[in-house]
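1. 3D, please:
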Amino acid sequence: MPVSPGVAVARAYCVDELLARQEPHRLDTSALSGEVNRFTSACSAAAQELDAIVARVGKEVGDEEASIFRSHRLLLRDPALIQKVRSTILNHHVDARTALQETLHEYTSLFSKIEDDYLRERMADIRDVLGRVAAQLALQDGHSAINLEEPVILVAPEILPSQAMTFEGMKVAGIITELGGTTGHAAILARSLGIPAVSGLRGILKECHTGDLVALDGREGHVYLRPGPEVESAYRKLQREYVDMRDRLIENRDQEPITADGIRVELLANVNGPHDAEMAEQVGAGGVGLYRTEYLFLTHPTVPDEEEQLAAYKAVIEAAPNRMVTIRTLDLGGDKQVPYLGSPREANPFMGWRSIRLSSAHPEFFQTQLRAILRAGRFGQVSLLFPMISTLEEVRQLKRLVQRTRAALKREGVPFVEDMPVGIMLEVPAAAMCIDSLLDEADFVSIGSNDLIQYVMAADRDNPKVAHLCEPFNPAILRLLAQVIRTCNERGKPVTLCGEMASRPRCFLPLFGMGLRSLSMSPAFVPTLKEVARHLTASSAREISDRVLHMRTVGEVRGYLTRKVRQICPNVAMLDVKK
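-> I've put the predicted structure just below:
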């Protein structure tokens, strides 16, 4: 699946390759001591590498984001883990890499029996640490097939949420994953950083090896492994053209997002932290339409207290364009877990105890976040957004909680914003069907198209077997969005679409025609949408939306919108995935 547009030609870096099972190398007794020393030396080098990464990520991204590497550094000091590898070398007479593989196999078997999801997922940390040591052993042997100072195409089974904040400090030219869909974490991460990506290549790690040359087209969904000279030359030319086009569009950062007939469009940014907010400023976004606060919690070593949250929110507000930020409360659960809220075993976690349902079940914990957000509101134009709303009763209950939080702050004499707008994120079909009632309580609406699409289609967007159903060009999705946008406009309530759909030129055409005037997207796509807006008129967009709302298949809608983008704004056609 093409998930993030762009073209890249670079050497592959295969995440799991160094710990792949291989035939053990048997050693003579005389060689065992030297092999243990070799392993110890590799551990020291891996520790130095982690120290450098902690420093770099802490400086360039943030201290909290570096915490995952600190935990990996602690694993390298774990005497049980280190002694296990040493004992395997000495007792089984095998080389260090084989000992790492056997240790990994044993830990994998052990962790698979653990019922607690969080503890079971810590196996990924162990795999990462042992992989670093294996990489250092390969360097000692002179087997490194790649210069890690150069850009690489990352090839992995999948990209986990816990890894999301680390790639900003790495030279990643492209991403290829075996798992994941167009709105999964790897896709969202790649698009936010402007990295070409393709997912759903099952078995790629069996065919591709670190150091192999790879040509990747994130718009078409093509991957060429070890391409010949002609293909390599053609794709390097495409890569230069894509980069040139992207750089030219960034020059429009100071231009107002106004259509050809003078209608202003609000183009906002989705961010995870201050670094993203700074990028939003650099590309000319009008503000932050969605601040995902859960990444602060996912990357924090413990539980961020009220003052830590306040400092984090203030940093994003001060870095954001026009200091305008919509802060979404915690959207945890599903595939985003923190240990201190528990990790319940559920048959279908995406439709279970997650998001606002999870927060509401921990009112004291949730109230700490509300206090921090209300206090942070003094530093800019801040709005409060509740995710995954299903019923009117939920909204009323949450508003009462906000009122109690305001009252507590007032009693304590703590400065805060009393009139902060409170909005709802529309992701659940039930909420979309009853939007008119919900607007009695909500100041504004943010449409979360990623979840809304998967819930409407009853298809997990990260499951490659059904991810093809999570299609923004589906007539059912477009008709539902038209209804929601029309109702919000009739009621005079601001409505923004902040899912990945917002970043796609082909989706922008009908959405604008439906009356949508505010979109929030990965910062990298703001210049593209600004360019599309400059070539569009309200009348032509209404004609486009009227046409697609009468179409009956995904193929009809996609084909028609593809032709219209090429006709209206041909220079941005290469910046949208073809799917």
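2. right, and Met297 touches Leu330 too?
-> Actually, residue 297 is Phe rather than Met. Yes - if you go by Cβ atoms under 8 Å, Phe297 and Leu330 touch, sitting 6.5 Å apart. Just so you know, the C-beta spots here come from the backbone N, C-alpha and C atoms, and that holds for glycine as well.
3. neighbour-wise, which of the two wins?
-> Leu330 (25 against 20; other Cβ atoms under 10 Å).
4. any chance you could read off phi and psi for that one?
-> Torsion angles at Leu330 (phi, psi; degrees, to the nearest 10) stand at phi -50, psi 130.
5. show me what contacts Ala45?
-> 136, 139 (Cβ atoms under 8 Å, 6 or more residues apart in numbering).
6. host element of the closest residue to Glu307 other than its chain neighbours?
-> Of all residues not flanking Glu307 in the chain, Ala372 sits nearest, at 8.0 Å (Cβ to Cβ, 6 or more residues apart in numbering). Using DSSP states H and E, Ala372 maps to helix 363-376.
7. I'd like the average pLDDT over that helix.
-> For helix 363-376, mean pLDDT is 90.
8. now Val325: how far from Glu318?
-> Separation of Val325 from Glu318 (Cβ to Cβ, to the nearest Å): 10 Å.
9. Could you do Glu207 as well?
-> In terms of Cβ to Cβ, Glu207 sits 47 Å off from Glu318.
10. out of those two, which sits in the busier spot?
-> Glu318 (15 against 12).
11. Check what contacts the helix or strand just after the helix holding Ala372 and list those residues.
-> Next helix or strand after helix 363-376 toward the C-terminus (DSSP H and E): strand 381-386. Outside of strand 381-386, the residues within contact range by Cβ under 8 Å, 6+ apart are 287, 290, 317, 322-329, 356, 370, 373-374, 376, 394-395, 398, 402, 417, 420-425, 443-444, 446.
12. what's downstream of strand 381-386, the next helix or strand?
-> Immediately after strand 381-386, counting by DSSP H and E, sits helix 392-412.
13. Counting by contacts, list what the helix or strand that that following helix is followed by packs against.
-> Where DSSP H and E defines the elements, the next helix or strand beyond helix 392-412 is strand 422-426. Judged by 3 or more Cβ pairs under 8 Å, 6 or more residues apart in numbering; DSSP states H and E, strand 422-426 is in contact with strand 381-386, helix 392-412, strand 444-447.
14. Against Leu401, how distant is Val382?
-> Val382 is 18 Å from Leu401, where distance means Cβ to Cβ.
15. Which one of the two is surrounded by more residues?
-> Val382 (25 against 17).
16. so for the longest helix along the chain, what's the average pLDDT?
-> Longest helix in the chain, counting residues (DSSP state H): helix 29-60. Helix 29-60 carries an average pLDDT of 84.
17. and if you look at stretch 270-289?
-> 92.
18. From the chain's centroid, how far away is it?
-> Averaging C-alpha positions (Cα atoms, centre = their mean, to the nearest Å) puts stretch 270-289 15 Å from its chain's average.
19. So that it lines up with my notes, have the first residue be 25 from now on.
-> Happy to do that; since the first residue is 25 now, the last one works out to stretch 294-313.
20. Could you list the buried residues of that stretch?
-> By neighbour count on 16 or more other Cβ atoms under 10 Å, the buried set for stretch 294-313 is 294-305, 307-313.
21. one step back: how about the residue nearest to Glu331, what does it touch?
-> Here Ala396 is in contact with 330-331, 333-334, 337 (criterion: Cβ under 8 Å, 6+ apart).
22. Buried only: go through those for me.
-> 333-334, 337.
23. quick one: which of those is nearest to Ser216?
-> Checking the buried ones among the contacts of Ala396 against Ser216 with Cβ to Cβ, the nearest one is Tyr337 at 19.2 Å.
24. and Ala455, how far is that from Val581?
-> With Cβ to Cβ as the criterion, Ala455 and Val581 are 24 Å apart.
25. Which positions within the helix holding Ala396 qualify as buried?
-> 390-400.
26. need the strands for the stretch 425-574 of the chain, in chain order.
-> For the stretch 425-574 of the chain, strands defined by DSSP state E, counting those that start in this stretch occupy the ranges 446-450, 468-471, 519-521, 542-545.
27. closest to Pro529 out of those strands?
-> Each of the strands of the stretch 425-574 of the chain was scored for nearness to Pro529 using Cβ to Cβ, and the closest is strand 542-545 (11.0 Å).
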